[in-house]
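K.L.:
Structure here, sequence nowhere to be found:
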Ligand SMILES: [Zn+2]
């Protein structure tokens, strides 16, 4: 499940290896993956990759204007960008060889004239990852981008962070709400709350100034993860990144800071892990119903 640090290293590595590459053809075998129809994917043919960037958990691959744009001035010839949402199981990767058309994981394929291929793939049976091909200057207006809260890394200034979390909701879903703060998902939220010594079930609007400062400091975990990936990830980003997680999915193991056994609360589709000694005043939260009684 790629979150801000994983998407950041993906964008950096793709930008480095793809810059200047020219598109030969493009297609979307995952019929529902491409959410835009105009311009069509074929509009990428002849353009070159100019760079990559990231909004929250969404990578963007930018393409040049068409070679003919200098002589014709239609808006359709201007720079285009592919905005991608990886959801929980998508990966955006460059490959030296082209995918077999039987590769059921392929959602969008962009073939390059040098023989390589940029591929949006998705593991598992669900088709949830998506891409939008947009004029580059319209990406920031796309509803998924325009509604994002401040980026979680680098951490927003304290007053902005305080405003972003000033909601009467539990911190665990609140920090994963991309409209409040962008880039955090189910894995890094556990790490950030553990670092800040905050209960996942504390409400954002109930945080004291010192707790907001602790949350601010804890967001550094995202930057440290990016630094870690810079050290261990080569030119090719693997399917499974070596995530430097200390508490997420570590129930039963000792807390790296105080030695208390890490606990878990299970939800339908995910789980949250925490150190009871340092985050919930010693209380072990058995399930969601019980957790509602404990603030
Ligand atoms: Zn602990």
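P.N.:
Okay, I see it. This is a predicted model, so every value here is computed, not measured.

K.L.:
Any idea how many residues pack against residue 223?
P.N.:
16 (other C-beta atoms under 10 Å). All C-beta spots, glycine's among them, are computed from the backbone N, C-alpha and C.

K.L.:
is it fair to say it lies in a strand?
P.N.:
No - under DSSP: H, G, I helix; E, B strand; the rest coil, residue 223 falls outside any strand and is assigned helix.

K.L.:
Mind listing the residues bridging to the nearest residue to residue 99 once chain neighbours are set aside?
P.N.:
Residue nearest to residue 99 in three dimensions, not counting chain neighbours: residue 106, with 5.3 Å by C-beta to C-beta, 6 or more residues apart in numbering. Residue 106 has these beta-bridge partners by DSSP bridges: residue 121.

K.L.:
ok, residue 106 touching residue 119?
P.N.:
Yes - contact criterion C-beta atoms under 8 Å: residue 106 and residue 119 qualify, at 6.1 Å.

K.L.:
Against residue 95, how distant is the nearest residue to residue 1 once chain neighbours are set aside?
P.N.:
Excluding its sequence neighbours, the residue lying closest to residue 1 (C-beta to C-beta, 6+ apart) is residue 88, at 4.8 Å. Residue 88 sits at a distance of 22 Å from residue 95 (criterion: C-beta to C-beta, to the nearest Å).

K.L.:
go on, residue 139?
P.N.:
25 Å.

K.L.:
Compare these two (neighbour count), which wins?
P.N.:
residue 139 (22 against 15).

K.L.:
In the stretch 101-250 of the chain, what residue lies closest to the ion?
P.N.:
residue 194 (7.5 Å; C-beta to the ion).

K.L.:
ok, that residue - how many residues close by?
P.N.:
Residue 194: 26 surrounding residues under other C-beta under 10 Å.

K.L.:
tell me the SS of it?
P.N.:
On the three-state scheme (three-state DSSP), residue 194 is labelled helix.

K.L.:
okay, now the spatially closest residue to residue 212 that is not a sequence neighbour: neighbour count?
P.N.:
Take residue 212 and drop its neighbours on the chain: the residue closest to it by C-beta to C-beta, 6+ apart is residue 162, 5.0 Å away. Number of residues near residue 162 (other C-beta under 10 Å) recorded here: 18.

K.L.:
now residue 160
P.N.:
Residue 160: 13 neighbours (other C-beta under 10 Å).

K.L.:
Please verify my assumption that it contacts residue 149.
P.N.:
No - counting by C-beta under 8 Å, no contact exists between residue 160 and residue 149, whose distance comes to 9.0 Å.

K.L.:
quick one: least confident helix or strand in this protein?
P.N.:
Lowest on mean pLDDT, DSSP states H and E among the helices and strands of the chain sits helix 288-293, with a mean of 51.

K.L.:
and residue 106, what does it touch?
P.N.:
29-30, 99, 119-121 (C-beta atoms under 8 Å, 6 or more residues apart in numbering).

K.L.:
how much space between residue 178 and residue 81?
P.N.:
Residue 178 is 19 Å from residue 81, by C-beta to C-beta.

K.L.:
okay, the two: which has more neighbours?
P.N.:
residue 81 (23 against 19).

K.L.:
contacting residues for the nearest residue to residue 16 once chain neighbours are set aside?
P.N.:
Spatial nearest neighbour of residue 16, excluding adjacent residues (C-beta to C-beta, 6+ apart): residue 235 at 7.0 Å. Contact analysis of residue 235 by C-beta under 8 Å, 6+ apart lists 13, 16-17.

K.L.:
Residue 235 is in what secondary structure piece?
P.N.:
Using DSSP states H and E, no element contains residue 235; it sits outside every helix and strand.

K.L.:
ok, now how distant is it from residue 21?
P.N.:
14 Å.

K.L.:
Report all helices and strands that the longest helix anywhere in the chain contacts.
P.N.:
Longest helix in the chain, counting residues (DSSP state H): helix 4-18. The contact analysis (3 or more C-beta pairs under 8 Å, 6 or more residues apart in numbering; DSSP states H and E) places helix 4-18 against strand 49-55, strand 58-63, strand 90-95, helix 220-232.

K.L.:
Recalculate using a threshold of 10 Å.
P.N.:
Packing partners of helix 4-18 (3 or more C-beta pairs under 10 Å, 6 or more residues apart in numbering; DSSP states H and E): strand 49-55, strand 58-63, strand 80-85, strand 90-95, strand 117-122, helix 186-196, helix 220-232.

K.L.:
May I have the phi/psi pair for the closest residue to residue 260 other than its chain neighbours?
P.N.:
Spatially, and ignoring its direct neighbours in sequence, residue 260 is nearest to residue 277 (3.9 Å; C-beta to C-beta, 6+ apart). Phi and psi for residue 277, reported as degrees, to the nearest 10, are phi -60, psi -40.
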